[in-house]
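Asks: structural data only, the sequence is not supplied:
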Ligand SMILES: *Cc1c(COP(=O)(O)O)cnc(C)c1O
């Protein structure tokens, strides 16, 4: 029988247990073990069976048990302590209040997915986990972020396997009433909604849910509401599903609707309006169009601005983070589709000329497609500040998008980088924290953790790692059994699972999404060789593998099937397992339980990667291609680098080479070190050199891989400069009006800007270190004045082809002005390094509101 209607009855807690509702209502429990203990105490079995979900636990808890707890002094005491702790966490001044007094009053952080807790499954992989960790770290630091996302009725999908090992997707319905979120409501109790307009004037309504992520509210828009006709209720059905138009509607809701939700949230709660807007990947880019709409229509607070002025206001306060160098990962829509959604007076952004919107996403560079609207390109045009997510990815992104600033070398393309980080309290096992605390580490001072690393006796380190490995083995066996049963095997065939995996064997983890560049099956390149490693009589390895393929990616599903078939083989199945449905719940025991974390992407497609960071924080050693973050922070001793055959044109030969290198490392370096135990002395039985490496991993990587480091970097390098610039364009946008007019003037005058003549003197026939080079440049500026430009001496090492590399810039100052817009600029430079040296002179636009010399894309070289 099917129900014709369903709703969830919220539990009424006995009055003394009121605080349980408060604790369950704030996701801070997800990274606060003492609060988890309070929930577990209610009913340990239920806590496990709900997958650590306080809302469901309270919904299903036995009434009699709750009544007994309501009279249990000990429990009430622990409950009160947890509530006090939460209150203090929410109220007290933290890093941001002390260190960034002039920072933005609020920051809107937009992302298509958020991975915060297993109990709120609104993520597909790394991008979402990163967004979740960003919010949590912001909360810990007191950074006033407001998250904006969508609430997907089915989340991403749940993965299982067919008998043949083919990925099966299912889409369980998530009932908002059973999620740790609450509806945003007007003062009169009615639900707050926002509306965007679809072609034909059709309204798309979304209600707004709020998840409390510690101090950070996360607004989630949900189109599944009675106000919408049936076919529009599915706009927020699932993450990354559907055709282009479906995706476009989702992204309009996220960007345009998300901005409106932020406005509604401020109106209702009195929270300060965001001064900076950060878009995590290009999907939310329409938020900039909505801000332009606000500013160019009379609705705007400070009266209508023209498009160009509104663009300057918007750009100054927008940050765009690009997350992938994989072309297929970049969101592109048919241009005509976007046109349809923005055309006319009843479009998604009424009043904003559709041709201006289309121009924002146009691929105007060599090789660009005129029929495409590119969300990443729009991201760069709408954000004055942009970044990639590791040093290498910054470099790759500058190359990839150099076409947007063709007059500049890659190094000056205005895309920086901030390397991702992970939220330690979410990802580090309690046992690991406990060891450090026993040696004096203090939660309020992260540095004390790294100082404690050397103090913990090796024997305790090793015992803890074994316990964590054992927990993983148990969890893996449970998942394996469930998976084989689901695949149709009978319990009688599964006796072997009791001995699958071994808590004393070197354990290697590999879990991530399954796009082709991550090369799930690289390790299967030579199956016999892998078998030999798995079954080595003295030094065996075991592998725990997991990952979801996108539902439309049959290639990825085939890779999973190859892996599953290999792992089904009775000869090796106790040493290699594929666990279906990789998610936060699986990940949390997985990282601490692994000795080695393996990553073998096709360099340089892994923009950053974060799973290896989570492993490192739990004392796992990384074994990885030098891609993403590992390219930056591998130091020769904190793990192993798999040599990559970059530049090899034949992908098969490249895979062969890299797989062979991986096997060699495992056989000759990794396994011997793990099993090489001291035979005498205090450390007898311990792999002393391994433990040394583990300590070094923690000390060298620990401070760097933290999400708090990442969020501080965002605040100091992007949010604070952005808000300073945005404020300087005020009051009443007068600065923005002037800036837009100035840019217009510079662009039209630029064709007349020329360097007519350069004189260099002061160095003899045989220049030597210490000589001073004096330069005079005669420039024609046309209608521009000397204050509109910087004339720069650009110097550096000259390559054999006279290309300047490792350049530095010395400003030249005006010496004399002549008639007809001609000027002489001069300056000098002392030669400080021997070797080939070269210089040139250039003119670039100058304005204190620019964030980069390349911003206008114009330059004149000698
Ligand atoms: C950390 C994490 C990821 C991201 O892993 P990458 O190394 O960035 O590929 C994906 N899924 C889950 C569940 C994670 O915890």
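Replies: Done, it's in. These figures come from a predicted structure and were not determined experimentally.
Asks: contacts only, for residue 736.
Replies: For residue 736, the contacting residues are 305, 309, 310, 312, 313, 316, 729, by Cβ atoms under 8 Å, 6 or more residues apart in numbering. C-beta: built from backbone N, CA, C; applies to glycine.
Asks: show me which of these is closest to the ligand.
Replies: Using Cβ to the nearest ligand atom, the shortest approach to the ligand within these belongs to residue 316, at 31.1 Å.
Asks: my read is that the closest one contacts residue 722, right?
Replies: Yes - using Cβ atoms under 8 Å, residue 316 makes contact with residue 722 at a distance of 6.5 Å.
Asks: tell me the buried residues in stretch 311-319?
Replies: Buried residues in stretch 311-319, counting neighbours by 16 or more other Cβ atoms under 10 Å, are found at 311, 312, 313, 314, 315, 316, 317, 318, 319.
Asks: among those, name the ones in helices.
Replies: Judged by DSSP state H, the buried residues of stretch 311-319 include 311, 312, 313, 314, 315, 316 as members of helices.
Asks: relative to residue 848, how far out is the second one?
Replies: It stands for residue 312. Going from residue 312 to residue 848 by Cβ to Cβ, to the nearest Å gives 13 Å.
Asks: OK, contacts around the nearest residue to residue 212 once chain neighbours are set aside?
Replies: Closest residue to residue 212 apart from its sequence neighbours, by Cβ to Cβ, 6 or more residues apart in numbering: residue 26 at 4.4 Å. Counting by Cβ under 8 Å, 6+ apart, residue 26 touches 86, 90, 212, 213, 214.
Asks: okay, now the unreliable bits of the protein?
Replies: Judged by pLDDT under 70, the chain has its weakly predicted residues at 6-10, 298-303.
Asks: spell out which residues of it are next to the ligand.
Replies: 125, 126, 129, 512, 582, 583, 584, 587, 609, 610, 611, 614 (Cβ under 6 Å from any ligand atom).
Asks: at 8 Å instead, please
Replies: 115, 123-126, 128-130, 420, 422, 427, 511-513, 518, 582-584, 586-588, 591, 599, 606, 608-612, 614, 628 (Cβ under 8 Å from any ligand atom).
Asks: now, those residues that are in helices?
Replies: Using DSSP H to define helices, the subset of these located there is 126, 128-130, 427, 584, 586-588, 591, 611-612, 614, 628.
Asks: just put those in JSON lines and tack on distance to residue 51 and neighbour count.
Replies: JSON lines is the format used below for those (distance: Cβ to Cβ, whole Å; neighbours: other Cβ atoms under 10 Å):
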{"residue": "126", "distance to residue 51": "21", "neighbour count": "22"}
{"residue": "128", "distance to residue 51": "18", "neighbour count": "24"}
{"residue": "129", "distance to residue 51": "17", "neighbour count": "26"}
{"residue": "130", "distance to residue 51": "22", "neighbour count": "28"}
{"residue": "427", "distance to residue 51": "17", "neighbour count": "25"}
{"residue": "584", "distance to residue 51": "10", "neighbour count": "22"}
{"residue": "586", "distance to residue 51": "10", "neighbour count": "19"}
{"residue": "587", "distance to residue 51": "13", "neighbour count": "19"}
{"residue": "588", "distance to residue 51": "11", "neighbour count": "20"}
{"residue": "591", "distance to residue 51": "17", "neighbour count": "26"}
{"residue": "611", "distance to residue 51": "20", "neighbour count": "25"}
{"residue": "612", "distance to residue 51": "25", "neighbour count": "31"}
{"residue": "614", "distance to residue 51": "19", "neighbour count": "26"}
{"residue": "628", "distance to residue 51": "30", "neighbour count": "28"}
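Asks: spatially nearest residue to the residue in the stretch 51-200 of the chain positioned nearest to the ligand, not counting backbone neighbours?
Replies: Using Cβ to the nearest ligand atom, residue 126 is the residue of the stretch 51-200 of the chain that sits closest to the ligand, at 3.2 Å. In this structure, residue 126 finds its nearest non-sequential neighbour in residue 610, 5.8 Å apart by Cβ to Cβ, 6+ apart.
Asks: any idea how far residue 290 is from the one you found?
Replies: When Cβ to Cβ is applied, the distance between residue 610 and residue 290 equals 30 Å.
Asks: ok and the residue in the stretch 301-450 of the chain nearest the ligand?
Replies: Of the residues in the stretch 301-450 of the chain, the one nearest the ligand is residue 422, at a distance of 7.1 Å by Cβ to the nearest ligand atom.
Asks: kindly list the longest helix within this structure.
Replies: helix 458-486.
Asks: just checking, what packs against that helix?
Replies: Helix 458-486 sits against strand 158-161, helix 430-438, strand 576-579, helix 584-593, helix 688-701, with contacts defined as 3 or more Cβ pairs under 8 Å, 6 or more residues apart in numbering; DSSP states H and E.
Asks: switch the cut-off to 10 Å
Replies: Helices and strands touching helix 458-486, as assessed by 3 or more Cβ pairs under 10 Å, 6 or more residues apart in numbering; DSSP states H and E, comprise strand 158-161, helix 430-438, strand 506-511, strand 541-546, helix 554-568, strand 576-579, helix 584-593, helix 688-701.
Asks: now the angle from the longest one to helix 458-486?
Replies: Taking axes from the mean of the first three to the mean of the last three Cα atoms, to 10 degrees, one finds helix 554-568 and helix 458-486 inclined to each other by 110 degrees.
Asks: same question, the second one
Replies: Here helix 430-438 runs at 170 degrees with respect to helix 458-486, directions being taken by the same axes, to 10 degrees.
Asks: any buried residues in helix 430-438, and which?
Replies: Within helix 430-438, the residues that qualify as buried by neighbour count (16+ other Cβ under 10 Å) are 432, 433, 435, 436.
Asks: contacts for that helix, please.
Replies: Counting by Cβ atoms under 10 Å, 6 or more residues apart in numbering, helix 430-438 makes contact with 33, 36-37, 424-425, 428-429, 441-443, 448-453, 455-457, 460-461, 463-465, 467-468, 471, 592, 617-619, 698, all of which sit outside it.
Asks: ok, 6 Å please
Replies: Defining contact as Cβ atoms under 6 Å, 6 or more residues apart in numbering, one finds that helix 430-438 is touched by 33, 449, 452, 456, 464, 618.
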